[in-house]
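**Student:** can you look at this prediction? I've put the sequence above it.
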Amino acid sequence: MNPFRKHHIPLLAVLAMGAAAQVAPVTLTAPASPQKAPGADGFIQRWLLLEPIGVTGLTDSAVQAIVKKEYFPGQFTVIPHDGEKVAAGDAQLAWHAVDTKLYNVNLYHFAHALGKPTSDVLFWAVTIVNCPQEMHDVRLAIGSNAASVWWVNGKEVIGIYGDRQTVIDDGVSKRLTLNKGPNIVRGAVINGGGATDFCARFLDADDKPLKGFTVSTSGAVK
């Protein structure tokens with residue numbers, strides 16, 4: 001069962017949460033349509049997120065070692081389904097399809113709502129960008145709290161490191177081409193402690209937010 005699907009909470013329970021409002025996934029919902037256009041500023045708002053994996057380290061070398069380690073089969077090639085589980089060491093972790101209401105994806109809300117740890121963890125994120133034709137000279141622009149590494153169609157294109165806050169377009173890839181049809185964007189976000197989130201969008205040849213594509217996640221709609 002996807003915890004991000006709509007559900008009713010008694011009013012007394014809502015009031016009791018009060019100051020603990022961050023416990024609820026207030027910015028995340030389950031996808032309700034097969035495809036979704038990017039947000040007004042081009043941000044990708046639909047992702048498949050894997051439940052967090054325990055890790056430590058935010059330096060360049062530590063992060064690269066973390067993301068290069070194989071935690072589950074097909075780590076860099078799998079296109080997961082909502083609810084699909086993978087074995088990562090002794091843990092069984094599930095993928096969850098989510099839409100964010102904002103420009104960013106709040107990983108703290110995501111993990112906390114599932115009763116999962118939010119500190120010293122690695123989050124994997126995958127989405128499918130569907131293009132009506134080839135799109136040349138575009139760049140992936142990301143921000144994350146904290147470090148993150150990103151791939152487009154299996155090629156590593158950017159990484160940002162250290163204990164940092166999410167800043168829009170904090171890291172920007174070299175120019176690349178998006179294929180006609182599906183393109184796989186994969187990210188790994190490593191958090192040391194506290195809040196954690198990320199944002200991602202493509203910029204066009206003029207460094208304006210890229211539009212004219214849709215985003216989907218396999219198995220996102222039940």
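**Tutor:** Sure, I can see it.
**Student:** neighbours of the closest residue to D60 other than its chain neighbours, how many?
**Tutor:** Ranked by C-beta to C-beta, 6 or more residues apart in numbering and with sequence neighbours excluded, the top spatial neighbour of D60 is Y161, at 4.7 Å. Bear in mind the C-beta positions are built from the backbone N, C-alpha and C, glycine included. Each residue near Y161 was counted by other C-beta atoms under 10 Å, and the total is 20.
**Student:** then K180?
**Tutor:** K180 is surrounded by 12 other residues when neighbours are defined as other C-beta under 10 Å.
**Student:** ok, now S218?
**Tutor:** Based on other C-beta under 10 Å, the number of other residues close to S218 is 17.
**Student:** so it versus P80, what's the distance?
**Tutor:** Plainly put, S218 is 7 Å away from P80 if you go by C-beta to C-beta, to the nearest Å.
**Student:** anything in contact with each of those two?
**Tutor:** Counting by C-beta atoms under 8 Å, 6 or more residues apart in numbering, the contacts common to S218 and P80 are L48.
**Student:** one step back: what pLDDT does the residue nearest to D60 get?
**Tutor:** Looking at Y161, its pLDDT is 97.
**Student:** hang on, it packs against A65?
**Tutor:** No: counting by C-beta atoms under 8 Å, Y161 sits too far from A65 to count as a contact (11.9 Å).
**Student:** give the helix, strand or coil label for V157.
**Tutor:** With DSSP: H, G, I helix; E, B strand; the rest coil as the basis, the three-state label of V157 is strand.
**Student:** contacts only, for it.
**Tutor:** Taking C-beta under 8 Å, 6+ apart, we find V157 in contact with L140, W150, W151, S173, K174, L176.
**Student:** buried ones in the helix or strand harbouring the first one?
**Tutor:** This points to L140. In this assignment (DSSP states H and E), L140 forms part of strand 135-145. Neighbour-count burial for strand 135-145 flags M135, V138, R139, L140, A141, I142, G143, S144, N145 (criterion: 16 or more other C-beta atoms under 10 Å).
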